[in-house]
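**Q** Pasted the sequence and its predicted model underneath.
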Amino acid sequence: MILSELSRLQFALTAMYHFLFVPLTLRYGVYVAIMETIYVLSGKQVYKDMTKFWGKLFGINFALGVATGLTMEFQFGTNWSYFSHYVGDIFGAPLAIEGLMAFFLESTFVGLFFFGWDRLGKKQHLMVTWLVAFGSNFSALWILVANGWMQNPVAADFNFETMRMEMLSFADLVLNPVAQVKFVHTVAAGYCTGAFFVLGISSYYLLKGRDIGFAKRSFAVAATFGIAAVLSVIVLGDESGYEMGDVQKTKLAAIEGEWHTEPAPASFNLIAFPNQEKMENTFALQIPYVMVL
């Protein structure tokens with residue numbers, strides 16, 4: 001394998017490992033904040049216990065996400081240094097904002113969340129918890145703005161004097177339609193992941209007959225939140241596909257395993273083994289008429 005392929009493989013493995021923790025971080029912050037809100041409004045001790053229990057798991061997940069995320073981000077300099085130089089004015093801006101604003105926001109208030117129970121009032125601690133939840137989702141926004149620009153490079157122009165890409169409009173960069181649909185879809189998917197994670201642990205407690213009241217309430221909150229998240233993922237995922245069809249037609253064709261424009265109504269490749277040299281599928285299991293939908 002050549003160096004570029006090894007670099008891609010390393011980055012892919014690092015990104016996959018990092019993203020094991022991202023969805024739970026997105027969901028857990030909001031979930032814990034909702035539980036603490038119920039505690040502050042109702043005054044029931046069980047919701048405070050739920051906040052602390054799920055908050056500990058959030059802290060572990062947050063720490064692992066930070067460690068794997070920093071490792072991944074360093075590779076832009078170690079493996080893709082020329083790319084970082086070439087598009088640094090555009091690509092680096094959202095990453096810098098994510099680090100200076102979102103990451104420092106959530107990392108600062110995570111400490112207050114864990115060590116402020118006996119030092120802050122109920123409402124003050126609740127505000128801290130919501131800031132942690134906001135910070136984790138705000139972080140995802142800037143990461144996906146950078147990712148969206150890589151897929152749909154708007155608001156940029158090539159400078160022949162510096163031989164680099166330069167930003168034309170920060171607002172257009174942030175409002176990149178690909179970035180926006182990816183953000184809402186990714187966040188909704190993270191909420192789904194977190195909801196099912198909580199449902200799984202709560203179900204285990206119920207099966208074992210441990211802390212029944214705690215488990216039932218955790219299950220109820222996660223199930224309610226999870227239903228809304230699942231419906232959101234369906235709608236937002238569909239919209240993400242339409243957006244891809246508008247600005248990334250070649251990518252959409254590659255995902256579907258299509259080498260040529262097929263006459264309507266086209267079939268859908270359920271399973272396909274592509275041959276890039278011959279530009280055809282060696283084998284394809286197709287479902288007819290699906291692509292007309």
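**A** Right, received. Where do you want to start? Numbers count the residues shown, from 1 in each chain.
**Q** can I assume F214 is in contact with D49?
**A** Yes: with contact defined as C-beta atoms under 8 Å, F214 reaches D49; the gap is 6.3 Å. C-beta here means a position set from N, CA and C on the backbone, and glycine is covered the same way.
**Q** As a check, name the ranges of all strands in the stretch 101-250 of the chain.
**A** 156-159, 164-167 (DSSP state E, counting those that start in this stretch).
**Q** So which of the ones you listed is nearest K123?
**A** Comparing the strands of the stretch 101-250 of the chain by their distance to K123 (C-beta to C-beta), the top pick is strand 164-167, with 40.6 Å.
**Q** quick one: buried residues of the closest one?
**A** Neighbour-count burial for strand 164-167, with 16 or more other C-beta atoms under 10 Å as criterion, is recorded at 165, 167.
**Q** what are the pairing partners of that strand, and which direction each?
**A** strand 156-159 (antiparallel) (DSSP bridges).
**Q** Output the partner strand as CSV, restricted to C-alpha atoms.
**A** Written as CSV, here are the backbone C-alpha positions of strand 156-159 (Å, rounded to 0.1, in the frame of the first residue of the first chain):
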residue,chain,number,x,y,z
ALA,A,156,-14.4,29.9,-1.3
ASP,A,157,-12.2,30.9,-4.2
PHE,A,158,-8.7,30.0,-5.3
ASN,A,159,-6.0,32.7,-5.0
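**Q** pLDDT of the helix or strand hosting A67, averaged?
**A** Taking DSSP states H and E as the definition, A67 sits inside helix 45-78. Helix 45-78 carries an average pLDDT of 90.
**Q** following that helix, which helix or strand comes up?
**A** From helix 45-78, the next helix or strand downstream (DSSP H and E) is helix 81-97.
**Q** which other residues reach that next one?
**A** Defining contact as C-beta atoms under 8 Å, 6 or more residues apart in numbering, one finds that helix 81-97 is touched by 73, 76-77, 142-143, 145-146, 149-150, 153, 155-156, 163-167, 170, 173-174.
**Q** hmm, try it at 7 Å
**A** Identification of contacts with helix 81-97 by C-beta atoms under 7 Å, 6 or more residues apart in numbering yields 76-77, 142, 145-146, 149, 156, 164-167, 173.
**Q** what comes up buried for it?
**A** Those would be 84, 86-88, 90-91, 93-95, 97, for helix 81-97 by 16+ other C-beta under 10 Å.
**Q** quick one: average pLDDT of that helix?
**A** 90.
**Q** and if you look at stretch 127-145?
**A** pLDDT averaged over stretch 127-145 gives 93.
**Q** so how far is it off the chain centroid?
**A** 11 Å (C-alpha atoms, centre = their mean, to the nearest Å).
**Q** ok so, going back, for the buried residues of helix 81-97, work out which two are farthest apart.
**A** Farthest apart among the buried residues of helix 81-97 - using C-beta to C-beta - are Y86 and I97, which lie 19.8 Å from each other.
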